[in-house]
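J.: turn this into a model:
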Amino acid sequence: MLELLSQPWPWYTSGILIALVMVLLLFFGKSFGFSSNLRVICAACGAGKHTKFFDFDWRAQSWNLLFVVGAVLGGWISSEFLSNGEAVQISQATIQDLRALGIAAPDSLQPDKLFSLEAIFTVKGFLIMLLGGFMIGFGSRYAGGCTSGHAISGLSNLQLPSLIAVIGFFIGGLIMTHLLLPFIL
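T.: This is a model prediction of the structure:
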C-alpha cells in the first residue's frame, strides 16, 4: 500500500476525487470553501461578541474544520512518510522562466529564494507576506469566497458570480506572474 501511495498518480485522479466530494457535498446540502474556516474559527473563539460578521451558528460549519485538520495532517504525513527527498520535477521551460526571474530551480518542493525562512525574515519578504496575506484575506471575503469555494462549489452549482470570480482569479494570477512578480523580485 505504501508503494502505491508514494508513486505519482495520474493527473485525472484528483479531478475524480474532487468530483466525488462535490457530489457528496451537494447531496448533503453543503458547500466547499477553505477561507470560510477562518470565520468559523473566529466565531468559535467568541469574536461574535464584538463583531456582527462573526455572530452566527458556527457549529453548523464545524464539519468544514475537519477539512482543515485533514489538509494539515495529510500534508505532514505525506512530507514525513511519503516523500523520497528528491526535488519536485518541473519542466525545462519552467526552469528557464525561473532563471529569467533570478530564481534557481527548487532543490526540494519550492524555490528557496521565495519560500525559505531566510527570504521571509527580511523586510521585503515580511512585507510581501503581510501584504499578500491581507490581499488574500480581504479579497476572498470581498469576493464572497476563496478560489476553491468559487471554482469547485460555485461552478458545480452553475453560479454566474462564481464564474466571474474564477475568471478574475485567473486574470489576477496572470497579472501577478507576468507583471508584478518580475517587478517585486
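J.: next structured bit after the helix or strand containing residue 40?
T.: Remark: residue 40 resides in helix 36-44, with elements defined by DSSP states H and E. Downstream of helix 36-44, the next assigned helix or strand under DSSP H and E is helix 62-81.
J.: now the helix or strand just after that next one, how far from the centre of its chain.
T.: Using DSSP H and E, the next helix or strand after helix 62-81 towards the C-terminus is helix 92-100. The chain centre lies 23 Å from the centre of helix 92-100; the measure is CA atoms, centre = their mean, to the nearest Å.
J.: touching helix 92-100 from outside, list them.
T.: 104-105, 111 (CB atoms under 8 Å, 6 or more residues apart in numbering). Bear in mind the C-beta positions are built from the backbone N, C-alpha and C, glycine included.
J.: how about it: buried residues?
T.: residue 98 (16 or more other CB atoms under 10 Å).
J.: in contact with the residue of the chain positioned farthest from its centre, which residues?
T.: Distance from the centre of the chain peaks at residue 49, with 29.2 Å (CA atoms, centre = their mean). Residue 49 makes contact with residue 55 under the criterion CB under 8 Å, 6+ apart.
J.: any idea of the pLDDT on it?
T.: As predicted, residue 49 sits at a pLDDT of 91.
J.: how about residue 123?
T.: We have a pLDDT of 91 for residue 123.
J.: try the one 4 residues further on
T.: For residue 127, the pLDDT comes out at 90.
J.: roughly how far out does the one helix or strand it maps to sit from the chain middle?
T.: Secondary-structure assignment from DSSP H and E places residue 127 in helix 123-142. With CA atoms, centre = their mean as the basis, helix 123-142 stands 14 Å off its chain's centre.
J.: number of residues surrounding residue 116?
T.: 13 (other CB atoms under 10 Å).
J.: phi, psi of it?
T.: When read as degrees, to the nearest 10, the backbone of residue 116 gives phi -90, psi 160.
J.: run through the protein and note the low-pLDDT ranges.
T.: In the prediction, the chain carries no residues with pLDDT under 70.
J.: using PDB, write out every CA atom in stretch 124-133.
T.: Coordinates of each C-alpha in stretch 124-133 appear next as PDB, following Å, rounded to 0.1, in the frame of the first residue of the first chain:
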ATOM      1  CA  LYS A 124      11.000  42.700   1.800                       C
ATOM      2  CA  GLY A 125       9.900  39.100   2.400                       C
ATOM      3  CA  PHE A 126       7.900  40.100   5.500                       C
ATOM      4  CA  LEU A 127       6.100  42.900   3.700                       C
ATOM      5  CA  ILE A 128       5.300  40.700   0.700                       C
ATOM      6  CA  MET A 129       3.800  38.000   3.100                       C
ATOM      7  CA  LEU A 130       1.900  40.700   5.100                       C
ATOM      8  CA  LEU A 131       0.500  42.400   2.100                       C
ATOM      9  CA  GLY A 132      -0.200  39.200   0.200                       C
ATOM     10  CA  GLY A 133      -2.000  37.700   3.300                       C
END
